[in-house]
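Trainee: the following comprises the amino acid sequence and a computationally predicted model.
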Amino acid sequence: MSTATASVPPPPTLGQDAKVIGLVGLAHGVSHFFHLILAPLFPWLKEDFALSYAELGLLMTVFFVISCIGQALSGFVVDRVGARAVLFAGVGLLGVGALALSQAQNYAMLLAGSMIAGLGNSVFHPADYTLLNRRVSQPRLGHAFSVHGISGNLGWAAAPVFLAGLAGLFHWRVALACAALVPAAVLLLLFLHRDLLDTRAGTPRQGKADAAGEAHVLAFLRLPGVWMCFAFFFVTALALGGIQSFAAPGLRALYGMSLATATAGYSTYMVASAAGMLFGGFVAARAHKHERTIAIAFMASGAFALLLAAGIVPAMMAVVLMGAVGFGAGVAGPSRDLLIRAAAPANATGRVYGVVYSGLDVGLASAPLLFGAVMDAQHPAWVFIGIGVLQCLAIFTAVGVGGSAAQRAAQPRPA
């Protein structure tokens, strides 16, 4: 007994937790930055390669299809070799993908670059959540998940400004080459603090659960809560993918905005979403029915999206409404994470997170094709109608996840 007790490492200090949360959050921000490695450059790519909106959308679809497949598989790799090595590989592949895209001479090379970047993106959720669960003390996990979500939104917000700004000043190839420097710098920082990211030095609370479940490595796939979580991510990602891919072109077509103003509208969405997520963390900490918070937030966000679709407000008010849509989606974020955590198996490992969060990639892969076809048909208002309807539909999946979590909590725990 004394030997086992002595082998348990001391709990992490506040400083250690903060460093781990910061490092993982920074890596997650880079991942989300690369979700939009091409979308802000669509106007330049469309002209230089004579592409349709559907062809542009396919570039993002390829990125997220590869990411989806890789995410489900990388969870198993995380469980096998550890989260740190997998995270390092993913960050490195993002940089390689950006360099490949910057040198593209034809559409096939653009597709190849998207595939490489998508493979790099696939590792982040399984690796990040495994790192946070094993290297951050239990009382600070809520803060860790909040920072993780906010950093992702800030990555989304930074990408259009960074890429479109450099492309406007110089060239889209310069923008992509500079983007490759971002993961290179982050990878260096992660390597310098690699000891903090060693999951083998984390808490041992997962060992028994993993050992017991090793004979049934796919048993978690039989849990309804896992697939309800997958559906929730899929629906919300469809809406998000529409915003990421074609909100700016849609705003330009509906309101006659300049490219700079339309891009600012998207960035306003992302910054407001981050602010909403911060506020939503306090709401989630006090709420007991997280699905209720999600329902109210998405109902408001969907209503604002439908108002945008009507095209009846001034152009600058449309930018403000984009922020309102983002704030509502952000408020739902922390409640979503807590709801999914309650529905997931105890001591969930990388493979569980990989499958659940692959719903995000499936939605983001499908959205560009769907909304690209809408834009090609000259119906920009439908982009915002679709976003509003999907956000309202997410309410039903959230209620389903909540019901599954409550049913699971009511079941007697095995001895």
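Mentor: Happy to help now that I have it. Residues are numbered from 1 along each chain as shown.

Trainee: just the helices from the stretch 101-250 of the chain, written as ranges.
Mentor: 107-121, 124-135, 141-169, 172-192, 207-213, 224-255 (DSSP state H, counting those that start in this stretch).

Trainee: would you single out the least confident of those helices?
Mentor: Here the lowest mean pLDDT among these goes to helix 207-213, at a mean of 43.

Trainee: now stretch 83-102: average pLDDT?
Mentor: If you average the pLDDT over stretch 83-102, you get 92.

Trainee: let me fix that, I meant to ask about stretch 30-41.
Mentor: Throughout stretch 30-41, pLDDT has a mean value of 89.

Trainee: and the end-to-end length of that stretch?
Mentor: The first and final residues of stretch 30-41 sit 17 Å from each other (Cα to Cα, to the nearest Å).

Trainee: okay, the helices of the stretch 101-250 of the chain in JSON lines with mean neighbour count and distance to residue 85 next?
Mentor: For the C-beta atoms, the positions are set from N, CA and C on the backbone; glycine is no exception. Converted to JSON lines, the helices of the stretch 101-250 of the chain look like this (neighbours: other Cβ atoms under 10 Å; distance: least, Cβ to Cβ, whole Å):
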{"stretch": "helix 107-121", "mean neighbour count": "21", "distance to residue 85": "14"}
{"stretch": "helix 124-135", "mean neighbour count": "27", "distance to residue 85": "9"}
{"stretch": "helix 141-169", "mean neighbour count": "21", "distance to residue 85": "20"}
{"stretch": "helix 172-192", "mean neighbour count": "18", "distance to residue 85": "11"}
{"stretch": "helix 207-213", "mean neighbour count": "12", "distance to residue 85": "18"}
{"stretch": "helix 224-255", "mean neighbour count": "24", "distance to residue 85": "26"}
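
Trainee: any chance of those in CSV with distance to residue 24 as columns?
Mentor: Supplementary listing: these in CSV, determined by distance: least, Cβ to Cβ, whole Å:
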stretch, distance to residue 24
helix 107-121, 15
helix 124-135, 5
helix 141-169, 7
helix 172-192, 9
helix 207-213, 21
helix 224-255, 19
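
Trainee: between those, which one is nearest to residue 91?
Mentor: Ranking those by their distance to residue 91 (criterion: Cβ to Cβ) puts helix 172-192 first, at 4.6 Å.

Trainee: residue 78 against residue 84, yeah?
Mentor: No. Taking contact to mean Cβ atoms under 8 Å, the distance of 9.4 Å between residue 78 and residue 84 leaves them out of contact.

Trainee: between those two, which is the more surrounded one?
Mentor: Taking other Cβ atoms under 10 Å, residue 78 and residue 84 do not tie; residue 78 has more neighbours (28 against 22).

Trainee: per-residue confidence at the more buried one?
Mentor: The predicted local confidence for residue 78 comes out at a pLDDT of 81.

Trainee: for the stretch 301-415 of the chain, which spans come out with low pLDDT?
Mentor: Low-confidence regions of the stretch 301-415 of the chain, defined by pLDDT under 70, span residues 337-338, 340-350, 400-415.

Trainee: quick one: which of the helices of the stretch 101-250 of the chain is nearest residue 54?
Mentor: When the helices of the stretch 101-250 of the chain are ranked by distance to residue 54, counting by Cβ to Cβ, first place goes to helix 224-255 at 11.1 Å.

Trainee: next SSE after that closest one?
Mentor: Per DSSP states H and E, the first helix or strand lying C-terminal to helix 224-255 is helix 259-286.

Trainee: quick one, what contacts residue 393?
Mentor: The contact partners of residue 393, taken as Cβ atoms under 8 Å, 6 or more residues apart in numbering, are residue 235.

Trainee: quick one, what contacts the residue nearest to residue 178 when sequence neighbours are not counted?
Mentor: Ranked by Cβ to Cβ, 6 or more residues apart in numbering and with sequence neighbours excluded, the top spatial neighbour of residue 178 is residue 166, at 5.7 Å. Taking Cβ under 8 Å, 6+ apart as the criterion, residue 166 is in contact with 174, 175, 178.

Trainee: next one: residue 330
Mentor: Here residue 330 is in contact with 153, 272, 273, 274, 275, 276, 277, 278, 279, 280 (Cβ under 8 Å, 6+ apart).

Trainee: neighbours around the fifth one, how many?
Mentor: Counted with other Cβ under 10 Å, the burial measure for residue 275 works out to 17 neighbours.
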